[in-house]
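Visitor: My questions are about this predicted structure, shown below with the sequence.
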Protein chains: 2
Amino acid sequence: MPQGRPVAVPDDGLTTRARRSAPVLAVHTGAGKGKSTAAFGMALRAWNAGMDIAVFQFVKSAKWKVGEESAFAQLDRLHAEQGIGGAVEWHKMGAGWSWVRKDGSDDDHAATAAQGWAEIARRIGEQRHDFYVLDEFTYPLKWGWVDVAEVLEVLGTRPGRQHVVITGRDAPQPLLDAADLVTEMSKVKHPMDAGRKGQRGIEW
Amino acid sequence: MPQGRPVAVPDDGLTTRARRSAPVLAVHTGAGKGKSTAAFGMALRAWNAGMDIAVFQFVKSAKWKVGEESAFAQLDRLHAEQGIGGAVEWHKMGAGWSWVRKDGSDDDHAATAAQGWAEIARRIGEQRHDFYVLDEFTYPLKWGWVDVAEVLEVLGTRPGRQHVVITGRDAPQPLLDAADLVTEMSKVKHPMDAGRKGQRGIEW
């Protein structure tokens, strides 16, 4: 647990208050489990603080409805009906999205990814949300479907106080360099190694 | 994402169905962020699947109310009032609990930890819950406040289908050996390295 005491005070001209409230860019990468799950856990915390949340799932199939999506729909309803927590929007980027490339449809995936990013960039410019989860966003970056330099430009100049969490394996080094918080999730052991399959409530 | 296809089918005498529904023991360890956050994210998923959830926070001070606790209290209320999701209990193990050892009070902490574990063992024996989060439970194990061999005995013989997630740094090797799923969260970069302090909605 953080003890709330910085190890060093940087000479960046900011007051402690300004530094403390600086918006966070976090990246969860690595080959292990928990990258997305921890991002959704952060979103849960942000919801509790009353933040307006938007989740963009870049590469999971739209058919794949994770349990978190249903749970956040309930939390969004709590906000709408009872004014508790924050609003939550959840966007899956089209049924064709999958980080397993399929025959001949790469162009469509690339275009859909680019359109998804353009929408996010627009919203960031408008300060539409307080907390963004860009789930599995490293893959379109890795595959060149979305330009890393443009992403860094938009994130680096984002107005106001908008937090962004990006998940996925193989995050590009410039993104890691730009991030405030980087955690690598490494697989030590996985049930599928022992021949197990996924199960509801655990894997989704 | 898991593709749902085991890399090997073990010769354990179980049907695929039995193996698939085997209860999971997961451990989130390492020095990075996201161990607890990912465990609470898993609990969110389990809540959505209608599981009965119990969280035991072993070492955070009772004064430290994380955002997840408030959010899960709302989810528990949704379950109680509208029958959505599962029930959630959240137990903080006494105000004296902290993994920062304090002067002369080690005995009390050790006794409280042991009592907490005894209660969990009782509940596991009764199959009281479906999904347990033992948050920061590695510390009482590491410090010898709770006996690792006894924990492994209770977990290894737990009846029914009870999932258990244990978080904390320095998980004992026998626990890792017994776990089905082990993820190590490594710190690559943290905002406090740049002199930032924690902020509401992000750190708690």
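Guide: Yes, it's here. This one's a predicted model, so the numbers in the text were calculated from it and none came from an experiment.
Visitor: got any ranges where chain A has weak pLDDT?
Guide: For chain A, the stretches flagged by pLDDT under 70 are A:1-21, A:60-65, A:94-107, A:191-198, A:204.
Visitor: All the helices of it, in order from the start?
Guide: Taking DSSP state H to define them, one finds helices in chain A at A:16-20, A:35-48, A:67-82, A:106-126, A:138-142, A:148-156, A:173-178.
Visitor: Can you tell me which of these is nearest to residue B:142?
Guide: helix A:35-48 (22.6 Å; Cβ to Cβ). From N, CA and C alone the C-beta is placed, and that goes for glycine too.
Visitor: so where's the longest strand in chain A?
Guide: Assignment by DSSP state E gives strand A:181-189 as the longest strand of chain A.
Visitor: Run the chain-centre distance for that one.
Guide: Counting by Cα atoms, centre = their mean, to the nearest Å, strand A:181-189 is centred 15 Å from the centre of its parent chain.
Visitor: wait, does that strand contact chain B?
Guide: Yes. Using Cβ under 8 Å from any Cβ of the partner chain, strand A:181-189 comes into contact with chain B via A:181-189.
Visitor: If we go by neighbour counts, what in that strand is buried?
Guide: The neighbour-count check on strand A:181-189 (16 or more other Cβ atoms under 10 Å in any protein chain shown) flags A:181-186, A:188-189 as buried.
Visitor: and these as a markdown table, adding distance to residue B:169?
Guide: Converted to a markdown table, these look like this (distance: Cβ to Cβ, whole Å):
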| residue | distance to residue B:169 |
| --- | --- |
| A:181 | 18 |
| A:182 | 18 |
| A:183 | 14 |
| A:184 | 15 |
| A:185 | 15 |
| A:186 | 14 |
| A:188 | 14 |
| A:189 | 17 |
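Visitor: Now flag whichever of the residues of strand A:181-189 next to chain B is closest to residue B:28.
Guide: Checking those against residue B:28 with Cβ to Cβ, the nearest one is residue A:185 at 8.9 Å.
Visitor: Do I have it right that that closest one meets residue B:34?
Guide: Yes. Assessed by Cβ atoms under 8 Å, residue A:185 is found in contact with residue B:34 at 7.0 Å.
Visitor: shared neighbours of these two, anything?
Guide: Common neighbours of residue A:185 and residue B:34 (criterion: Cβ atoms under 8 Å, 6 or more residues apart in numbering or on different chains): A:28, A:34, A:38, B:185.
Visitor: Could you list the buried residues of stretch A:81-94?
Guide: A:84-94.
Visitor: With distance to residue B:45 as new columns, can these be given to me in TSV?
Guide: Shown next, in TSV, are the buried residues of stretch A:81-94 (distance: Cβ to Cβ, whole Å):
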residue	distance to residue B:45
A:84	21
A:85	18
A:86	20
A:87	21
A:88	15
A:89	19
A:90	14
A:91	19
A:92	16
A:93	21
A:94	23
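Visitor: Check these and tell me the two furthest apart.
Guide: Spanning the widest gap among the buried residues of stretch A:81-94 are A:84 and A:94, at 31.4 Å by Cβ to Cβ.
Visitor: hang on, the earlier thing: I'd like the shared contacts of residue A:185 and residue B:34 as a markdown table, with distance to residue A:156 appended.
Guide: Below are these laid out as a markdown table (distance: Cβ to Cβ, whole Å):
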| residue | distance to residue A:156 |
| --- | --- |
| A:28 | 19 |
| A:34 | 27 |
| A:38 | 23 |
| B:185 | 26 |
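Visitor: Closest to residue B:66 out of those?
Guide: Closest approach to residue B:66 among these (Cβ to Cβ): residue A:38, at 13.7 Å.
Visitor: got the contact list for the closest one?
Guide: Residue A:38 makes contact with A:28, A:183, A:185, B:33-34, B:37-38, B:41, B:185 under the criterion Cβ under 8 Å, 6+ apart.
Visitor: Which member of those is positioned nearest residue B:70?
Guide: Residue B:70 lies nearest to residue B:37 out of these, by Cβ to Cβ, at 14.6 Å.
Visitor: I'd assumed residue A:45 was in contact with that closest one.
Guide: Yes. Contact criterion Cβ under 8 Å: residue B:37 and residue A:45 qualify, at 7.5 Å.
Visitor: what about those two, which has more around it?
Guide: Neighbours around residue B:37 and residue A:45, counted as other Cβ atoms under 10 Å in any protein chain shown, are more numerous at residue B:37. The numbers are 26 against 23.
Visitor: how about the nearest residue to that one, chain neighbours excluded?
Guide: Nearest residue to residue B:37 in three dimensions, chain neighbours excluded: residue A:41, at 3.6 Å (Cβ to Cβ, 6 or more residues apart in numbering or on different chains).
Visitor: tell me the contacts of that neighbour?
Guide: By Cβ under 8 Å, 6+ apart, residue A:41 lies in contact with B:34, B:36-41, B:44, B:68.
Visitor: and the nearest residue to residue A:188 once chain neighbours are set aside, what does it touch?
Guide: Residue nearest to residue A:188 in three dimensions, not counting chain neighbours: residue B:182, with 3.7 Å by Cβ to Cβ, 6+ apart. By Cβ under 8 Å, 6+ apart, the contact set of residue B:182 is A:187-189, B:26-27, B:29, B:171, B:176.
Visitor: again, but for residue A:36
Guide: Going by Cβ under 8 Å, 6+ apart, residue A:36 touches A:28, A:66, A:135-136, A:167, B:41.
Visitor: Just the closest of those to residue B:126, please.
Guide: residue B:41 (26.7 Å).
Visitor: quick one: the closest one and residue A:27, what's the gap?
Guide: In this view, residue B:41 and residue A:27 are 16 Å apart by Cβ to Cβ, to the nearest Å.
Visitor: and if you look at residue A:152?
Guide: From residue A:152 over to residue A:27 the distance is 12 Å, taken as Cβ to Cβ.
Visitor: still on that earlier bit, now, of the contacts of residue A:36, which are buried?
Guide: Buried members of these, scored by 16+ other Cβ under 10 Å, are A:28, A:66, A:135-136, A:167, B:41.
Visitor: need those residues in JSON lines with distance to residue B:53, can you?
Guide: Output for the buried ones among the contacts of residue A:36, formatted as JSON lines (distance: Cβ to Cβ, whole Å):
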{"residue": "A:28", "distance to residue B:53": "23"}
{"residue": "A:66", "distance to residue B:53": "17"}
{"residue": "A:135", "distance to residue B:53": "23"}
{"residue": "A:136", "distance to residue B:53": "26"}
{"residue": "A:167", "distance to residue B:53": "24"}
{"residue": "B:41", "distance to residue B:53": "12"}
